[in-house]
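Participant: this one's structure only:
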């Protein structure tokens, strides 16, 4: 019987480690975010986000036709991918406006609703996705 107890100790299950789930690719329809109207800006003591001024910036971009201008300037260059050109340009502007200086700072903004709204994204891309997207601007010829 002593040998059986040694056998059970050797073949017990290892302790479960807490690991984050593997990232899954998001469906394209879940990446874009449609903004239908302006948010009501109201000064209260309620603290929802540190980046509430992004709503004013977003209104300014809509007023000057920013999305149309970006599409027009980059038309014919072949920017394709899961995330659209305009939302990624808007995200880079937002990142600079809120003080982000590295691509990894996007992870800190991932759950801020006004950052996602201003960038017109349902979920923010990873640092790696942004890095690959920015590398396309260094291509010697037309963007593949």
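Facilitator: Thanks, I have the structure now. Values in this document were obtained by computation on a predicted structure and should not be read as measured data.

Participant: when you work out contacts or count neighbours from here on, use the C-alpha atoms and nothing else.
Facilitator: Fine.

Participant: so residue 125: helix, strand or coil?
Facilitator: Here residue 125 is recorded as coil under DSSP: H, G, I helix; E, B strand; the rest coil.

Participant: could you check the distance from it over to residue 59?
Facilitator: Residue 125 sits 23 Å away from residue 59, going by C-alpha to C-alpha, to the nearest Å.

Participant: tell me which element residue 60 is part of?
Facilitator: Take DSSP states H and E as the rule and residue 60 turns out to sit in helix 54-63.

Participant: elements contacting that helix?
Facilitator: Packing contacts for helix 54-63, counted by 3 or more C-alpha pairs under 8 Å, 6 or more residues apart in numbering; DSSP states H and E, involve helix 113-119.

Participant: toward the C-terminus, what is the element adjacent to the helix it packs on?
Facilitator: Using DSSP H and E, the first helix or strand after helix 113-119 is helix 127-135.

Participant: for that next one, what is the average pLDDT?
Facilitator: On average, the pLDDT along helix 127-135 is 91.

Participant: and for residue 57, the neighbour number?
Facilitator: For residue 57, the number of neighbouring residues by other C-alpha atoms under 10 Å comes to 14.

Participant: report the buried residues of the longest helix along the chain.
Facilitator: As assigned by DSSP state H, the longest helix anywhere in the chain is helix 85-97. By 16 or more other C-alpha atoms under 10 Å, the buried positions in helix 85-97 come out as 85-88, 90-92, 94-95.

Participant: just to revisit the earlier point, give me the more crowded residue out of residue 125 and residue 59.
Facilitator: Ranked by neighbour count (other C-alpha under 10 Å), residue 125 and residue 59 place residue 125 first, with 18 against 15.

Participant: how much space separates that one from residue 72?
Facilitator: Residue 125 sits 23 Å away from residue 72, taking C-alpha to C-alpha as the criterion.

Participant: could you dump the buried residues of helix 85-97 to JSON lines with pLDDT and distance to residue 53?
Facilitator: Shown next, in JSON lines, are these (pLDDT from 0 to 100; distance: C-alpha to C-alpha, whole Å):
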{"residue": "85", "pLDDT": "91", "distance to residue 53": "23"}
{"residue": "86", "pLDDT": "93", "distance to residue 53": "20"}
{"residue": "87", "pLDDT": "93", "distance to residue 53": "18"}
{"residue": "88", "pLDDT": "94", "distance to residue 53": "19"}
{"residue": "90", "pLDDT": "95", "distance to residue 53": "15"}
{"residue": "91", "pLDDT": "96", "distance to residue 53": "15"}
{"residue": "92", "pLDDT": "95", "distance to residue 53": "16"}
{"residue": "94", "pLDDT": "95", "distance to residue 53": "11"}
{"residue": "95", "pLDDT": "95", "distance to residue 53": "13"}
